[in-house]
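[1] structure, please.
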Amino acid sequence: LGLIASVPAIINVMPLLFFWYVIYAMLGVSIFKGMMYSCYNPNDQSFTGVAYSQGGPLWEPSMSLAGPNAVPTIVECVAAGDGDAVWKQKPYSFNNIFTGGLTLWEMGTTEGWMD
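    Numbers count the residues shown, from 1 in each chain. Predicted coordinates:
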C-alpha cells in the first residue's frame, strides 16, 4: 500500500531526473565528442592505446605504435595489423546526446558493468 501511494511522487521526480541527465549529456558531448575512439585490430581482437584529442589534422603522424599507451592516428591505425585494423569508437561515448544519456544511465545505475 505504501509503495502504490508513492507512485505520484515518483512521477513528479522523473522529469527533474530526465532534465539533469540531458544537461549532463550535453556537457559530456561538448567536452568529449570524438575523443572515445581507439585502434581495434580484429586479427587478435585487441584495442591499441586509448583515444585522445589529437589537436590537429587526423593524418598528422603521432607517436609510434609501441606499448599499451601508444595512441595512433587513423592512418597509423589502418596501417597496423596488416591493414586490417580499424578506428573504432567504444560502445559507450558522448558523440551525441542520445549515446551520452545512455552512458550516464549506465554509470548512474551500474547496469551492464559486469558484461
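
[2] with just CA atoms, put stretch 78-91 into CSV.
    Taking C-alpha atoms only, stretch 78-91 is exported to CSV below (Å, rounded to 0.1, in the frame of the first residue of the first chain):
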residue,chain,number,x,y,z
VAL,A,78,44.8,1.3,-40.6
ALA,A,79,48.4,0.5,-41.4
ALA,A,80,48.8,-1.5,-38.2
GLY,A,81,47.8,-5.2,-38.1
ASP,A,82,48.5,-5.9,-41.8
GLY,A,83,45.9,-3.2,-42.9
ASP,A,84,43.1,-4.9,-41.0
ALA,A,85,42.9,-2.5,-38.1
VAL,A,86,40.0,-0.1,-37.8
TRP,A,87,39.5,3.2,-36.0
LYS,A,88,36.5,2.2,-33.8
GLN,A,89,34.6,4.0,-31.1
LYS,A,90,34.0,2.5,-27.7
PRO,A,91,30.4,1.1,-27.0
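
[3] tell me the phi and psi of the closest residue to residue 79 other than its chain neighbours?
    Among residues not flanking residue 79 along the chain, residue 85 sits closest, at 7.7 Å (C-beta to C-beta, 6 or more residues apart in numbering). In short, each C-beta sits where N, CA and C put it, glycine included. When quoted as degrees, to the nearest 10, the phi and psi of residue 85 stand at phi -70, psi 150.

[4] ok, now residue 40?
    Dihedral angles for residue 40 - degrees, to the nearest 10 - are phi -110, psi 130.

[5] done for today, thanks.
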